[in-house]
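Peer 1: pasting the sequence and the predicted coordinates here, then a few questions.
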Amino acid sequence: MNQNILNNEFGNLRAISIKRDDFVCLCSCGLKILVNQEMLTDEIVNHCSCNKKYNGMHKKKIGLRFGMLTIKNIFLNDKKLLCMVQCDCGDKKILSFFKVVQKQIAKHCGCRAKQELLESSKENKKRLNAIHIVQSMSWS
């Protein structure tokens with residue numbers, strides 16, 4: 001078995017590890033499949049069949065909510081499965097289907113992170129003002 005194949009891409013598949021006599025491959029849509037070396041290197045198998053399943057299985061996710069995101073559309077772009085989502089704040093974004101649906105890493109469009117950053121900076125200003133007041137009182 002050729003170890004040099006690891007981390008190489010074959011169509012939509014990337015060989016990520018070895019299990020018995022096969023390679024565990026990660027498809028660009030986010031699914032993992034087992035493929036033998038010959039089928040992989042000859043690119044007989046170069047996707048998980050997401051191109052075939054795409055219209056059926058993935059389209060069923062339209063309208064579902066994941067965190068603050070609602071899936072509005074799903075499409076294949078280059079080798080990636082993407083989804084158009086609308087956040088509760090009203091913003092629309094195009095994100096990786098894998099991050100939204102399978103890993104559920106993306107839970108908002110970024111608005112929440114901006115809000116948390118804004119709130120933390122306001123809180124930090126209040127703390128700095130309080131420290132400044134205490135310091136000015138202790139010097140007098």
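Peer 2: In hand now; what should we look at?

Peer 1: phi, psi for the residue most central in space within the chain please.
Peer 2: Central residue of the chain (Cα atoms, centre = their mean): Lys99, 2.3 Å from the mean position. Main-chain dihedrals, Lys99, degrees, to the nearest 10: phi -70, psi -30.

Peer 1: quick one: contacts for it?
Peer 2: 105-106 (Cβ atoms under 8 Å, 6 or more residues apart in numbering). Placement of C-beta: from N, CA and C, glycine included.

Peer 1: domains for this structure, by residue range?
Peer 2: Using automatic domain parsing, the domain ranges for the chain come out as 3-48, 54-109.

Peer 1: can you put the ones you listed in a markdown table and add mean pLDDT?
Peer 2: Shown next, in a markdown table, are the domains of the chain (pLDDT from 0 to 100):
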| stretch | mean pLDDT |
| --- | --- |
| domain 3-48 | 84 |
| domain 54-109 | 82 |
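
Peer 1: for Cys109, helix, strand, or coil?
Peer 2: coil (DSSP: H, G, I helix; E, B strand; the rest coil).

Peer 1: thinking again about what came up before, can the domains of the chain go into TSV with extra columns for distance to Gln115?
Peer 2: Formatted as TSV, the domains of the chain follow (distance: least, Cβ to Cβ, whole Å):
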stretch	distance to Gln115
domain 3-48	28
domain 54-109	9
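
Peer 1: run through the bridge partners of the nearest residue to Leu13 once chain neighbours are set aside.
Peer 2: Among residues not flanking Leu13 along the chain, Cys25 sits closest, at 4.0 Å (Cβ to Cβ, 6 or more residues apart in numbering). Beta-bridge pairing of Cys25 under DSSP bridges involves Ala15, Ile33.
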